[in-house]
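Student: pasted the sequence and its predicted model underneath.
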Amino acid sequence: MGKQEDTRKLIIESAFSLIYENGFQGVGVREIAEKANLTIGAFFYHFPTKNQVGYAIIEEFLSKGIMERWILPLEGYENPIEGMIKTFKKTFASWPDEFVSRGCPLNNLGQEMSAIDAEFQKKAKVLLTTWMKHTKKYLDFAKKQKILKANTDTKKLAEFIVTFQEATFAMGKVMNDRKVYDSLYISFKEHLESHCI
């Protein structure tokens, strides 16, 4: 990775950290540049507008995080349903206490900015669609292996799973209480197991 790519990555990571804590509209370019220890000119060299760095956060930073958190771990399971249940449990058990009241970064950014800038809505939709597509791939495998019932609609179940994963972050945020993670884990597990043979 070259120096310019390193600097670009630093801006994205610095912007993400500030935006996750304060919201997109609560953070200015000057603050992002300062956190990255760069000049404002260096920021604008890489991103013509603050919105552009927001798009990059979704496309490059959050997409990578979602794949690493929810999809890639499933490769290690012969039974993808077991993998999804265990991944859900692990994710919320290890979610830092200081992040509980902040919720899901993708959901936050999408909710805050979709009505203001159509490009945010578009990019969030692409990422959610990709997330559901990869989830469906593992559900299709589980169905083929006769782990899931033959009448399971894997597209609808994938939509449910991703929605439930996002909603669990949202409930934790609103309630500011990680105990909801344990309660929702039980519901998540029971629902997935109800589709199994």
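Tutor: Right, received. Where do you want to start? Numbers count the residues shown, from 1 in each chain.
Student: so what's the residue nearest to the spatial centre of the chain up against?
Tutor: By CA atoms, centre = their mean, the chain has its centre lying nearest to Ile66, at 4.5 Å. By CB atoms under 8 Å, 6 or more residues apart in numbering, the residues touching Ile66 are 106, 127, 131. (Glycine included, C-beta is placed from N, CA and C.)
Student: mind listing which of those are in helices?
Tutor: 106, 127, 131 (DSSP state H).
Student: closest one of those to His195?
Tutor: Trp131 (18.9 Å; CB to CB).
Student: just give me the closest of the ones in helices among the contacts of Ile66 to Val27.
Tutor: Nearest to Val27 among the ones in helices among the contacts of Ile66, counting by CB to CB, is Leu106 at 16.6 Å.
Student: do you know how far that closest one is from Ile40?
Tutor: 27 Å (CB to CB, to the nearest Å).
Student: compare neighbour counts for the two and give me the winner.
Tutor: When neighbours are counted by other CB atoms under 10 Å, Leu106 and Ile40 differ, and Leu106 comes out ahead with 22 against 13.
Student: I'd assumed Glu59 was in contact with the more buried one.
Tutor: No. Under the criterion of CB atoms under 8 Å, Leu106 is not in contact with Glu59, lying 11.1 Å apart.
Student: what do the two both touch?
Tutor: Joint contacts of Leu106 and Glu59 (CB under 8 Å, 6+ apart) are Leu127.
Student: coming back round to it: quick check: which element contains the residue nearest to the centre of the chain?
Tutor: Assigning secondary structure by DSSP states H and E places Ile66 in helix 63-66.
Student: now Ala158: how far from Thr130?
Tutor: Applying CB to CB to Ala158 and Thr130 gives a distance of 11 Å.
Student: do the same with Leu18
Tutor: Leu18 is 26 Å from Thr130, by CB to CB.
Student: who has more neighbours, the two?
Tutor: Counting neighbours by other CB under 10 Å for Leu18 and for Thr130 shows that Leu18 has the greater number, 19 against 14.
Student: contacting residues around the residue of the chain positioned farthest from its centre?
Tutor: Distance from the C-alpha centroid of the chain, by CA atoms, centre = their mean, peaks at Gly41 (30.3 Å). Counting by CB under 8 Å, 6+ apart, Gly41 touches no other residue.
Student: what about the strands in this protein?
Tutor: With DSSP state E as the criterion, the chain has no strands.
Student: and the helices in it?
Tutor: With helices called from DSSP H, the chain shows them at 3-22, 29-35, 40-46, 50-56, 63-66, 80-94, 97-100, 105-113, 118-144, 154-175, 179-194.
Student: could you redo the ones you listed as CSV and give each row distance to Leu72?
Tutor: Compiled in CSV, the helices of the chain are given as follows (distance: least, CB to CB, whole Å):
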stretch, distance to Leu72
helix 3-22, 20
helix 29-35, 29
helix 40-46, 28
helix 50-56, 21
helix 63-66, 10
helix 80-94, 10
helix 97-100, 21
helix 105-113, 17
helix 118-144, 9
helix 154-175, 15
helix 179-194, 19
